[in-house]
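Novice: 3D, please:
(2 chains)
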Protein chains: 2
Amino acid sequence: MIADVLFFQVASIIVSVLAFGAALWLYYWVKSQPSSNARIKEVGDLIKKGANTFLAKEYKTLLSFCGVAALLILIFLPKFIWQGDVLENVTMAIAYLAGSAFSAVAGKVGISIATIANIKTAEAATKGIKKSFMAGFRGGAVMGMAVVGSSLLGVSLVLLITGNTTALLGFSFGASSLALFAKAGGGIFTKTADISADLVGKVELGIPEDDPRNPAVIADNVGDNVGDVAGMGADLFDSNVASMAAALVMAVSLDKLGGGSVNASMVFCYAAIGLLASIIGVATARMGKKGGPTRALNMSTYVTTGIYAVLTAGATWLFGFEWRIWAASAIGLAVGVIIGIASDYFTDDTKKPVHMVAEAAKSGPAFTILSGISYGLISALPAMIGIAVSALVSFKLCEPLGPGYAMFGIAMAAVGMLSIVGMIISNDAYGPIVDNARGLAEMGNLGDEVLDITDQLDSAGNTVKAVTKGFAIGAAGLTVIALLGAFISEVNDAAAELGQSGITGFDIMNPTVFFGLMVGAAIPAVFSAMLMLGVDRNAQRMVAEIHRQFKEIIGLKEGKEGVVPEYDKCIEIATAGAIKELVPAGLMAIIATLLVGFIGGVQAIGGFLTGNIVSGLLFALFMSNAGGLWDNTKKYIESGHNGGKGSEAHKSAVVGDTVGDPFKDTAGPSINTQITVVSLVSSLMSTLFLAFSLFK
Amino acid sequence: MIADVLFFQVASIIVSVLAFGAALWLYYWVKSQPSSNARIKEVGDLIKKGANTFLAKEYKTLLSFCGVAALLILIFLPKFIWQGDVLENVTMAIAYLAGSAFSAVAGKVGISIATIANIKTAEAATKGIKKSFMAGFRGGAVMGMAVVGSSLLGVSLVLLITGNTTALLGFSFGASSLALFAKAGGGIFTKTADISADLVGKVELGIPEDDPRNPAVIADNVGDNVGDVAGMGADLFDSNVASMAAALVMAVSLDKLGGGSVNASMVFCYAAIGLLASIIGVATARMGKKGGPTRALNMSTYVTTGIYAVLTAGATWLFGFEWRIWAASAIGLAVGVIIGIASDYFTDDTKKPVHMVAEAAKSGPAFTILSGISYGLISALPAMIGIAVSALVSFKLCEPLGPGYAMFGIAMAAVGMLSIVGMIISNDAYGPIVDNARGLAEMGNLGDEVLDITDQLDSAGNTVKAVTKGFAIGAAGLTVIALLGAFISEVNDAAAELGQSGITGFDIMNPTVFFGLMVGAAIPAVFSAMLMLGVDRNAQRMVAEIHRQFKEIIGLKEGKEGVVPEYDKCIEIATAGAIKELVPAGLMAIIATLLVGFIGGVQAIGGFLTGNIVSGLLFALFMSNAGGLWDNTKKYIESGHNGGKGSEAHKSAVVGDTVGDPFKDTAGPSINTQITVVSLVSSLMSTLFLAFSLFK
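Specialist: Have a look, this model is predicted:
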């Protein structure tokens, strides 16, 4: 059965609409859950207000950034506006804005539901863990469905309307530049609040986590939402769009040679099936009689994976797609799962690394840091090998299909890995919702039994988070490798127009390539350092504010009835600081790309992207896993091991956790986005780099 | 004037002998300095005995390792012994053993003089800072002269006797494998002792540094010698030999085409001039009327640099060498100095980074760690760019000279950067000598005035150390890039014999290359993590031993007259642990190289080496600089800033310093050697990788 690409595009749009339907249904389901506790409602509203304030400010800053970027695109891309077709430049600029807008809307939807679901989850915990789990999970699933639905819808519409794959890169770039800011800005916000709240609250004053006397406690809960919900959602929206864009750029150019549209059809077909599988996975997820919430989350991931593999195999058979490409996509998915399991090993509190770090914590904070850094560094190895092997195998699998198919194989491995991204985002957004619910339960005085339930849900969220982060990094890795292929396509198109000879690759022994490689490798290190210093500076500002409040507000420290801290002051500091600190890091990465491109031309950029990808993945994996490891080490000790709460080991573990916070929630996951942004800037600028560079 | 390569080889041998003469003269000068204090003599002898014990054990382990390696070389390299010329294999094995032996002897000489010079320096401090400086500096210079003299002598002799550049790689590999163990083993030893001594002594008991009651205090002083003197000496011996070997491999193959020997002549000529310049620099170094010891050390480096540049220009004019190649070597040297200055900025206690970290220390250990890691990451950027630019410029400069000259230009930049290595080692070995002298002055009760002098000398040693480390890493970077060129030469020779087509480079878009790149990039991370975990484990063993002694030896803690701790127990633990922990890390790197080579063949190895170089340099720079930064932050606070000794900021800074110790003295500098070893293993195995690999 041969079907046209139009068929699959329409099918993709229908599945996207289905996903929106599912999101709406889940939204109303969550909203219909009871919420009666006035105190929880009050605090929940504060969180919602804070999150929306941050989002509004962030989006305002972004609006100026995107406006300037769109203007530059209008003038320069894909060609100088006075040289090429004006309409193409307009299309590009609009596609760029659409990419940003789609991502922004998905983020907004996520925040809206998360700040409702946290209240419902807290309330539901009074009626048992199963109900509470459902409220949290389905809240997260709204975000999952919204993100993946809008990414598939956006990609389908852009290609359907423009018929132009370069516009797709513009759309993807829009999504990326939003993600860069959302992830980095949200990451700085959340860790500023988290660290400051812990430092003054837990360490200095010895009051419990989520204690309502702490002026930073609401900011901390807001941070979970803007960092983990909106930020992570934007990140995965970006990766998902980029993987589809990279695959489609190559598919369309292969289809042109073949005269049909089978490859593009395949991309849409697989992406739609992935979303469908995620919808089914979400709809069927529930806590069984046996096993806790972790099992429920993991089960739904495996169900989705299985459905995807079976349905794509069926579609491949039905529509006569290439089995080799199917295998590439299946390998991508399998390797994603393996990377997730490896990340889990290094962060799970039942495994050796956590126990070793907890042991080292007995000798003081320095040993906690040293052993955590060491295991974090080692933890990168399996994922690095996994990504390398999946690229190698999918390349070799698809190479016999003809020229260009090898890189397409890698792109399809990335599409495969990201196919279940709907499920991944659902699991991921579940985390901050139940984390918030825990805070609300504490502030609403719901009692120890309820806190115990929310603690269980929260712990499951942490475990699953490690897996989803590994997954996200792996997928970004494969995607950017595919984008390297897309970059070559773009360069060759441009070279053909300029009458220059094209390129087939980048030779390491070419010193221009090597130059790019060295500089590109240093960028993720500098980028993450800038973000961490941003958190550091911002947290110092907030700590000073918390100290001020405890000093000036009489009765606050003692918990006098009716005395409340000025929560909004802390939220303001986190907001203003995050926006102030994220801009230099983002600009640094983009300016470095432009400098390397205009100095060394496309060859240097090839090296630059490669160095950036390789060292970026290494740092992202190291930082995410080390952070998760320290977090769980602290929890492991708190649960009574190696001296338990209050022991020397616990104090050391708290230091480790504080170091790990910006590692895992600010710098580590932002690197993903930095890599994608840099790749897309390069692809978009390829014509200019080709025409104007110091060296060739 | 045209002179034959023989002339320059003989000249090099003469200059080497001159260097040995200078070393001997300095040795006797130092030995003739007065030493009368019995207590200092007693402790000094303990340090000497400990250092020799460690060296004997380490060399014994190395002997078995080198024996096995030599046997494998004999059987397999450069060809299977049953296929090629037996004599070639024997030559190779002997060259390998010679490389190890030369390096071992240089290390032994260094330890011998350092453990005399420390006593003399301490004593001389009673007569003023100038005398004391001279004793410390000239002690270090013995090591400098011995190392560089023997590396130039070894390289000249091997080429003179065998006329075979592959044997030179064998010699270089011998030097490297020794360096890997000396640097990593010494690094583990020294930090085990340092951390444990500080942890129990300073942190738990609040007794001063170098307090004779501390059972680990002698081990700590021994560690300075085996880690910084023997280890750093072996490291720079290795880099120096590798840079000459890489340059000579290319020079000889260029000379074959040209029919002369001008390029090989040039390598020897420049290397000999570098050594000569270092001899002059060492001979003329002294503390002037103005300026402290730091100025004296830096001045002698600049004098050497100037002499080198002038003399090589003269030689180039006299012998009609290519000016472009001269320029490449001068650029290498200039970039080396720039890298040193950049490292200095990030670790100097009068500059912003130290002040910022000291400020962060007021908020606790977590912020100290976060800001230190951040500045450490940023500090890698200038050096990465510097290395990239010097490679790019020297390549472009020499490219017009003909095919093959471009890579030769890079090799000559490395030779240029390493030309003043004699001076660098002298400065570097000065550090542990004066550090030891400080300890001896404390233990010998020489009074506060003397301690003040040794403190000044010690502080200069720390500042200069950062510069020399940056220098060493930069030089290693350029050397291994040159070795990549040597690897291609080797592969093409082998391919020609096998009747296969050769290679010209490594295309990043080849997934086999990319596979190698990903894995290669992960290796330095894993390698350094394994070393740090080794320090961690070993320090825990030693801390337990120190606790035991304080508990069981009655009167020790109180400092009762006549009660001494069992110093040798701690030395034993450090020794046994270092040897136990270094083996897995070294083997891991070598085995990974073999696996990648036999899986992906020479293309994967090309990627592997590149990934290894790039990420290795990044981690080496990051770790060395972050470590130096924390060290100086602690000293900065101790000198009365931000609360001074005993303040919260100081406690945080101690945690930072403890994390930084294995960063800067174990993992960071060992990565250099790891990169070189892996490069040489690849070059030596090229025939086998070409013949037997899973993918091509």
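
Novice: interface residues of the stretch 351-500 of chain A facing chain B?
Specialist: Within the stretch 351-500 of chain A, the positions lying close to chain B (CB under 8 Å from any CB of the partner chain) are A:360, A:363-367, A:369-371, A:373-378, A:380-381, A:384-385, A:387-389, A:391-392, A:395-396, A:406-407, A:410, A:481, A:484-485, A:488. For glycine as for every other residue, the C-beta is placed from the backbone atoms N, C-alpha and C.

Novice: which of those residues fall within helices?
Specialist: Of the positions in those, A:360, A:365-367, A:369-371, A:373-378, A:380-381, A:384-385, A:387-389, A:391-392, A:395-396, A:406-407, A:410, A:481, A:484-485, A:488 sit in helices, assigned by DSSP state H.

Novice: following element in sequence after the helix or strand of chain A with the lowest mean pLDDT, please.
Specialist: Lowest mean confidence among the helices and strands of chain A (mean pLDDT, DSSP states H and E): helix A:448-498, at a mean of 82. Next along the chain after helix A:448-498, taking DSSP states H and E as the criterion, comes helix A:511-552.

Novice: got the angle for the next helix or strand after that following helix vs helix A:448-498?
Specialist: Downstream of helix A:511-552, the first helix or strand assigned by DSSP H and E is helix A:567-638. Interaxial angle of helix A:567-638 relative to helix A:448-498 (axes from the mean of the first three to the mean of the last three CA atoms, to 10 degrees): 100 degrees.

Novice: excluding its backbone neighbours, what's nearest the residue in the stretch 51-200 of chain A positioned nearest to chain B?
Specialist: The nearest approach of the stretch 51-200 of chain A to chain B comes at A:Leu199, 6.8 Å away (CB to the nearest CB). Excluding the flanking residues, the one nearest A:Leu199 by CB to CB, 6 or more residues apart in numbering or on different chains is A:Val543, at 5.9 Å.

Novice: do the same with A:Leu276
Specialist: Leaving out its chain neighbours, A:Leu276 is closest to A:Val15 (CB to CB, 6+ apart), at 5.6 Å.

Novice: try A:Gly44
Specialist: Closest to A:Gly44 by CB to CB, 6+ apart is A:Ile119, at 4.1 Å.

Novice: pull out the buried residues from whatever helix or strand the one you found lives in.
Specialist: Taking DSSP H and E as the criterion, A:Ile119 maps to helix A:86-124. Of the residues in helix A:86-124, those with enough neighbours to count as buried (16 or more other CB atoms under 10 Å in any protein chain shown) are A:88-89, A:91-104, A:106-124.

Novice: tell me, how many residues neighbour the closest residue to chain B within the stretch 201-350 of chain A?
Specialist: For the stretch 201-350 of chain A and chain B, the shortest gap (CB to the nearest CB) falls at A:Val203, measuring 7.3 Å. By other CB atoms under 10 Å in any protein chain shown, the residues close to A:Val203 number 14.

Novice: am I right that it falls within a helix?
Specialist: Yes. The assignment for A:Val203 is a helix, going by DSSP: H, G, I helix; E, B strand; the rest coil.

Novice: any idea which element the closest residue to it other than its chain neighbours lies in?
Specialist: Using CB to CB, 6+ apart and skipping the chain neighbours, the partner closest in space to A:Val203 is A:Val654 (6.5 Å). Here A:Val654 sits within helix A:648-662, counting by DSSP H and E.

Novice: helices and strands around that helix, which ones?
Specialist: Contact here means 3 or more CB pairs under 8 Å, 6 or more residues apart in numbering or on different chains; DSSP states H and E; on that basis helix A:648-662 packs against helix A:165-197, helix A:352-361, helix A:365-398, helix A:511-552, helix A:567-638, helix B:365-398.

Novice: does the residue nearest to A:Gly44 touch A:Glu42 like I think?
Specialist: No. Counting by CB atoms under 8 Å, A:Ile119 sits too far from A:Glu42 to count as a contact (10.2 Å).

Novice: sorry, back to before: in the helix holding A:Val654, what counts as buried?
Specialist: Buried residues in helix A:648-662, counted by 16+ other CB under 10 Å: A:649-662.

Novice: quick check: the gap between A:Ala578 and B:Ala358.
Specialist: 25 Å (CB to CB, to the nearest Å).

Novice: and stretch A:407-424, how far from the chain's centre?
Specialist: Stretch A:407-424 sits 15 Å away from the centroid of its parent chain (CA atoms, centre = their mean, to the nearest Å).

Novice: next: stretch A:4-23.
Specialist: What separates the centre of stretch A:4-23 from the centre of its chain is 23 Å, taken as CA atoms, centre = their mean.

Novice: OK, contacts around A:Leu392?
Specialist: Counting by CB atoms under 8 Å, 6 or more residues apart in numbering or on different chains, A:Leu392 touches B:Pro511, B:Thr512, B:Phe514, B:Phe515, B:Gly600, B:Phe695.

Novice: contacting residues around the spatially closest residue to A:Pro365 that is not a sequence neighbour?
Specialist: Once flanking residues are discounted, A:Pro365 sits nearest to A:Val655: 4.0 Å by CB to CB, 6+ apart. Going by CB under 8 Å, 6+ apart, A:Val655 touches A:Pro365, A:Thr368, A:Ile369, B:Gly364, B:Pro365, B:Ala366, B:Ile369, B:Val655.

Novice: list just the nearest of those residues to B:Phe181.
Specialist: When those are compared for distance to B:Phe181 (CB to CB), A:Ile369 comes out closest, at 26.7 Å.

Novice: surely that closest one touches B:Leu370?
Specialist: No. Under the criterion of CB under 8 Å, A:Ile369 is not in contact with B:Leu370, lying 10.1 Å apart.

Novice: out of A:Ala578 and B:Ala358, which sits in the busier spot?
Specialist: Taking other CB under 10 Å, A:Ala578 and B:Ala358 do not tie; A:Ala578 has more neighbours (31 against 26).
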